[in-house]
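Novice: A predicted structure for the sequence below; I have some questions about it.
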Amino acid sequence: MQEISGLDAVLGKMAWWEGAHEVHSAKAELAGYNGNQFAVKHTMDVTFKETGVRYTMEEVAIYTVTDEKIVHESFFYDMDS
């Protein structure tokens, strides 16, 4: 997904994710932090509703915080795993 901005866009992204996937389980672990950034490793067992394909998705998310709000997030993952 391309860069988005604003609460409505974030809520829309969440609605898209929930509509496109059935989540069987999810786990989040703090992977580290540095200054105003922190990293979280997400592991999810999901089924992509459009194809019925079930897979385990692992990603690392890097979040940047300003004034106690997340202002930027980047996701790193490999869909071939």
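Specialist: Looks like it arrived, so ask away. In this text the structure is predicted, and so the values were computed from the model without any measurement.
Novice: Are we agreed that residue 40 is in a strand?
Specialist: Yes. Residue 40: assigned to a strand according to DSSP: H, G, I helix; E, B strand; the rest coil.
Novice: Which residues are in contact with it?
Specialist: 28-31, 60-61, 63 (C-beta atoms under 8 Å, 6 or more residues apart in numbering). Just so you know, the C-beta spots here come from the backbone N, C-alpha and C atoms, and that holds for glycine as well.
Novice: Check it and give its pLDDT.
Specialist: For residue 40, the pLDDT comes out at 97.
Novice: how much space between it and residue 54?
Specialist: Distance from residue 40 to residue 54, counting by C-beta to C-beta, to the nearest Å: 23 Å.
Novice: which residues does residue 33 bridge with?
Specialist: Residue 33 has the following beta-bridge partners by DSSP bridges: residue 38.
Novice: Touching, it and residue 39? I think so.
Specialist: Yes. When contacts are counted by C-beta atoms under 8 Å, residue 33 is listed as touching residue 39 (7.1 Å).
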